[in-house]
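Student: The following block contains a protein sequence and its predicted model.
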Amino acid sequence: MTDTISDVAAGIAASKERPAVDAGGLAEQLVAQAREKGVELVGPDGLLSRLTKRVLETALEAEMSEHLGYEKHDPAGRNRGNSRNGIRSKTVLTEIGPVEIDVPRDIDASFQPRIVRKRQRRLTGVDQIVLSLSARGLTTGEISAHFAEVYGASVSKDTVSVITDQVIEEMTAWMSRPLDEVYPVIFIDAIVVKVRDGQVRNKPIYVVIGVTINGERDILRLWAGDGSEGAKFWLAVLTDLKNRGVADVCIAVCDGLKGLPDAITHLGVVAL
């Protein structure tokens, strides 16, 4: 399979007068040669895995050249003090399954790759898959089983928890961030989503969107309710906005949610 990728690349570069091959044309050539040589497109040793390996390793080599200041085998690197020092192999989990890559090393161990960081075992796309499955109500065990069945990869329940916990930390920081002092208009509305809380059930999620003095929309925060919210709930919502810096709102656009119009009067705004 390595020969297949190399053959295509060599053929493209063989003639300097040949127009650049677009992504679709290159993909067609790769697929055609893979089929000709009996190589699967997916799977641990398939075209996608090997192509991902090649792309990641090429990017890592480029990062190493940038770090050292010279290309691989370039005589300009002699007597520079630091230089390449072989490779180390590691397996990273990608959206298409596990891929084993060779990561270049340098003598003084100062190389800090960005495309695949040190001790990183998952590419960001994997985290997105975990979060998407979690948002759909799957448990950590079900997500772990999904990766084993679909990707042939082991993702422990603890790893799934770590990924989702990181998002929770970011979400908590986002919900407590300082807000603008003045919002000419705020919109208060609700959407109903399915939430797994022991059992799957519909739950209202209330959103407050502010329009800044520059005319930009900003989601100020989301609140989960149970459908029985009253004035006390809305007072807590508006108090949160006030505590985070909101001092003046000219117009609040909302419907007739129980207790909301009364709570809005505490901000001294015009309710529509």
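Tutor: Sure, I can see it. The model shown is predicted, which means the values in this text are computed figures rather than measured ones. Numbers count the residues shown, from 1 in each chain.

Student: the strands in the stretch 1-150 of the chain, which residues?
Tutor: For the stretch 1-150 of the chain, applying DSSP state E, counting those that start in this stretch gives strands covering 84-94, 97-106.

Student: winner for burial among those strands?
Tutor: When the strands of the stretch 1-150 of the chain are scored by mean count of other C-beta atoms under 10 Å, the highest mean neighbour count falls to strand 97-106 (a mean of 17). To be clear about C-beta, it is placed using only N, CA and C from the backbone, and glycine gets the same treatment.

Student: Could you list every helix and strand that it packs against?
Tutor: Counting contacts by 3 or more C-beta pairs under 8 Å, 6 or more residues apart in numbering; DSSP states H and E, strand 97-106 packs against helix 47-68, strand 84-94.

Student: which secondary structure elements does the last one contact?
Tutor: Just to be clear, that refers to strand 84-94. With 3+ C-beta pairs under 8 Å, 6+ apart as the test, strand 84-94 has helix 47-68, strand 97-106, helix 124-135 packed against it.

Student: Partner strands of the helix or strand where Val207 lies, with direction?
Tutor: Counting by DSSP states H and E, the element that carries Val207 is strand 199-211. Strand 199-211 has its sheet partners listed here by DSSP bridges as strand 182-197 (antiparallel), strand 217-224 (antiparallel).

Student: Would you mind extracting the C-alpha trace of that strand into CSV?
Tutor: Extracted as CSV, the C-alpha positions of strand 199-211 are listed here (Å, rounded to 0.1, in the frame of the first residue of the first chain):
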residue,chain,number,x,y,z
GLN,A,199,-34.9,7.8,31.9
VAL,A,200,-35.2,9.7,28.6
ARG,A,201,-37.7,12.5,28.8
ASN,A,202,-38.5,15.9,27.3
LYS,A,203,-37.1,18.9,29.1
PRO,A,204,-37.3,22.6,28.4
ILE,A,205,-34.0,24.4,28.0
TYR,A,206,-34.3,28.2,28.4
VAL,A,207,-32.0,30.4,26.4
VAL,A,208,-31.3,34.1,26.8
ILE,A,209,-29.8,35.8,23.8
GLY,A,210,-28.5,39.4,24.0
VAL,A,211,-28.0,41.9,21.2
